[in-house]
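Asks: Sequence and predicted model, in that order:
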Number of protein chains: 2
Amino acid sequence: MKGQAALAIHGGASAIRKLDYRRECSHLQALVERARDDLSRGATALDVATAVVSEMEASGLYVAGKGGSPNLAGDYELDAGLMDGKTRRGGAVAALQGFQSPIQVARLVMETTPHVLLVGEGAAAFARTCRAPEIDGDDWFTHAAGEEANYAPGAQLRGTVGCAVLDRHGNLAAATSSAGVFDKMPGRVGDSPLIGAGVWADDRVAISCTGQGELFILTASAAQIAFLVRSGRDLRTAAEAVLSEIRSRGGEGGLVAVDHEGNVEMPYNAEGMKRAALTRDGEIRIAVFDECVRS
Amino acid sequence: MKGQAALAIHGGASAIRKLDYRRECSHLQALVERARDDLSRGATALDVATAVVSEMEASGLYVAGKGGSPNLAGDYELDAGLMDGKTRRGGAVAALQGFQSPIQVARLVMETTPHVLLVGEGAAAFARTCRAPEIDGDDWFTHAAGEEANYAPGAQLRGTVGCAVLDRHGNLAAATSSAGVFDKMPGRVGDSPLIGAGVWADDRVAISCTGQGELFILTASAAQIAFLVRSGRDLRTAAEAVLSEIRSRGGEGGLVAVDHEGNVEMPYNAEGMKRAALTRDGEIRIAVFDECVRS
């Protein structure tokens, strides 16, 4: 007999109350329903995590893929990473220019190279070799969440999407994709594509982070949650401990995580985080701020 | 009254018995003696880690900086990262082309930008802005350790240098620099510049790793050692646990680590690892294989 699947999705911990997120909530609802159906038919955690993040990239609704914003030089450099808890393998790209779906290229890095992380020109050359879909000029980008950028200068606003999944076979996977902070320097890489920082999956837990990427790197956030879970903490305690460390250093962000028992956690310490979950009981939850929008 | 300083240095876990490492051992001896003198005069762990790795890059004796080897496209892409345990800040560059000292650029990323990691063209543009010393043509490189590349094809040979330091003020720092594996794909980034993978420092421990970088990323090696130490393990147990995980996945490598009490560990599971240490008792040790060359 197969176990129950569960998953959690985020669309970035940068939501602000004065904006209307009905489109994003509808989109998240549709995404979770499709993922639920795929999982019930036996789809793997890795395939579902990749598909969910691909669709978020393609939607233009979040600061990843088509929704990306340019860096200080006016270029669109995108990051994405994923990890398969079953095999403990991973793939990632950073500062990738010219391709529609960084997460799909990250998956190809994992599956077709001996490497984990390709960056910059080398990542683009690899994506071309793979015939990954290219971008038809910078007009393609929608600059999602530009209205969220109303913080003080230097606040390092950012957007990210991510997904953590437990499939019916008991395997976990996570994927994260981002265009990084607004006004980032050329070549800047945040935590999103970095395994152990913004993404992680093993046999106990899958995690995707969002927020001030530099702090998530400097606390090895995703890996730290995994170690806490491995050393016996429950998922909520582990996730809160890491977010508390981010907070104590003046940082802001959030994360989604699913463990091997199907527990789902989606903590954040920002004003809002676009998020959605399928619980192991089959319940779907959509939220942006504290209250649940739909369930 | 000030405490005792300690440090550990590695020049890569790729040494093979049929080669002669007397030059490297003499160089390591001189490096440790200078670092010991600097530390006794009150130099900070961060300054000493940066200086040691800079000198190793400049020596052309190891597969980092001047000793670097080209990637599959014939380009020299270098990686380096450092972390200051006192401030818990870090800086890194990856796939950097055209500059002599990646670790010095990494330090500038930490000290002069809001970011932690810059890669590719963006990293080079930043280095130019900083007027970091450039490379005068590819003839500058010495291709150190080319003779070590006698493994089977696909063995993913590699070279790295690194340093972990405890200063007399009780602060820790670590730095790692690498040209990566031989025959790496363009844009490939290994564990060396990634905080939590190939480099880490906090208030309890400083770590620099070397070996099959992909596996060190996928086990979040340096962060894992730090978490194990934080949860009460002694340094040796923590370091051995992580190296044992690398080994169990068919990987090869090593690491150097120093904790806040001045304990030094330099485990490896390869044929040899060029390494040197200053213990808290003031003893200097130089070794390549199991036996100590000088002490």
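Replies: Everything's here; your move. Numbering: from 1, shown residues only, chains lettered A, B, ... in the order given.

Asks: As a check, name the ranges of all helices in the stretch 51-200 of chain A.
Replies: A:102-112, A:120-129 (DSSP state H, counting those that start in this stretch).

Asks: for those, which one sits closest to B:Val48?
Replies: helix A:120-129 (31.0 Å; C-beta to C-beta). Glycine gets a C-beta too; all of them are placed from N, C-alpha and C.

Asks: and the angle for that closest one with helix B:120-129?
Replies: If you take axes from the mean of the first three to the mean of the last three C-alpha atoms, to 10 degrees, helix A:120-129 sits at 160 degrees to helix B:120-129.

Asks: got the contact list for the closest residue to A:Ala270 other than its chain neighbours?
Replies: Spatial nearest neighbour of A:Ala270, chain neighbours left out: A:Ala13 (4.2 Å); criterion: C-beta to C-beta, 6 or more residues apart in numbering or on different chains. Going by C-beta atoms under 8 Å, 6 or more residues apart in numbering or on different chains, A:Ala13 touches A:160, A:210-211, A:252-254, A:268-270, A:272-273.

Asks: one more time with 6 Å, if that's ok
Replies: A:210-211, A:253-254, A:268, A:270, A:273 (C-beta atoms under 6 Å, 6 or more residues apart in numbering or on different chains).

Asks: roughly how far apart are A:Ser40 and chain B?
Replies: 30 Å (C-beta to the nearest C-beta, to the nearest Å).

Asks: Based on its surroundings, how many neighbours for that residue?
Replies: Using other C-beta atoms under 10 Å in any protein chain shown, A:Ser40 has 13 neighbouring residues.

Asks: Kindly report the same for the one 10 residues further on.
Replies: Other residues near A:Thr50 number 25, with proximity taken as other C-beta under 10 Å.

Asks: How about the one 4 residues further on?
Replies: Residue neighbour count, defined by other C-beta under 10 Å, stands at 22 for A:Ser54.

Asks: now A:Arg34
Replies: 14.

Asks: how about it, secondary structure?
Replies: helix (DSSP: H, G, I helix; E, B strand; the rest coil).

Asks: Give me the mean pLDDT for stretch A:199-210.
Replies: Stretch A:199-210 shows a mean pLDDT of 98.

Asks: Any idea what the nearest residue to A:Val52 once chain neighbours are set aside is bridged to?
Replies: Computed as C-beta to C-beta, 6+ apart, the closest residue to A:Val52 that is not its neighbour in sequence is A:Cys163, at 4.3 Å. Counting by DSSP bridges, A:Cys163 forms beta bridges with A:Ile9, A:Ala175.

Asks: Could you count how many residues lie near A:Cys163?
Replies: 34.

Asks: give the contact list for it.
Replies: By C-beta under 6 Å, 6+ apart, the neighbours of A:Cys163 are A:9, A:49, A:52-53, A:175, A:208.

Asks: do A:Ala223 as well
Replies: Residues in contact with A:Ala223, defined by C-beta under 6 Å, 6+ apart, are A:196, A:200, B:196, B:220, B:223.

Asks: which residues sit in contact with the third one?
Replies: By that I understand B:Gly196. By C-beta under 6 Å, 6+ apart, the residues touching B:Gly196 are A:196, A:220, A:223, B:220, B:222-223.

Asks: can you rerun that using 10 Å?
Replies: A:191, A:194-197, A:216-224, B:81, B:83, B:90, B:207, B:216-217, B:220-224, B:226-227 (C-beta atoms under 10 Å, 6 or more residues apart in numbering or on different chains).

Asks: Now, these that are in helices?
Replies: A:216-218, A:221-224, B:216-217, B:221-224, B:226-227 (DSSP state H).

Asks: Which residues of the stretch 151-295 of chain A lie near chain B?
Replies: Contact residues, the stretch 151-295 of chain A versus chain B (C-beta under 10 Å from any C-beta of the partner chain): A:154, A:156, A:180-181, A:183-191, A:193-197, A:200, A:202, A:212-224, A:226-228, A:230-231, A:245, A:249.

Asks: separation between the closest residue to chain B within the stretch 1-150 of chain A and A:Glu33?
Replies: Nearest residue of the stretch 1-150 of chain A to chain B (C-beta to the nearest C-beta) works out as A:Gly122 at 1.7 Å. Between A:Gly122 and A:Glu33 the distance is 38 Å, computed by C-beta to C-beta, to the nearest Å.

Asks: So for those two, which residue has more residues nearby?
Replies: A direct count of neighbours by other C-beta under 10 Å for A:Gly122 and A:Glu33 places A:Gly122 higher, at 27 against 13.

Asks: Quick check: pLDDT value at the more buried one.
Replies: 98.

Asks: try A:Ala106
Replies: 98.

Asks: Hmm, A:Thr112 and it touching each other?
Replies: No - with contact defined as C-beta atoms under 10 Å, A:Ala106 does not reach A:Thr112; the gap is 11.4 Å.

Asks: higher neighbour count, the two?
Replies: Higher neighbour count among A:Ala106 and A:Thr112: A:Ala106, with 33 against 12, using other C-beta under 10 Å.

Asks: Next, the contact list for A:Thr113, please.
Replies: A:91, A:126, A:130, B:184-185, B:188, B:214.

Asks: Put the buried members of these into a ChimeraX selection.
Replies: Paste this into ChimeraX to select the buried members of the contacts of A:Thr113, with burial taken from 16 or more other C-beta atoms under 10 Å in any protein chain shown:
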select /A:91,126,130 /B:184,185,188,214
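
Asks: Between A:Ala106 and A:Thr112, which contacts overlap?
Replies: By C-beta under 10 Å, 6+ apart, the residues touching both A:Ala106 and A:Thr112 are A:Gly91.
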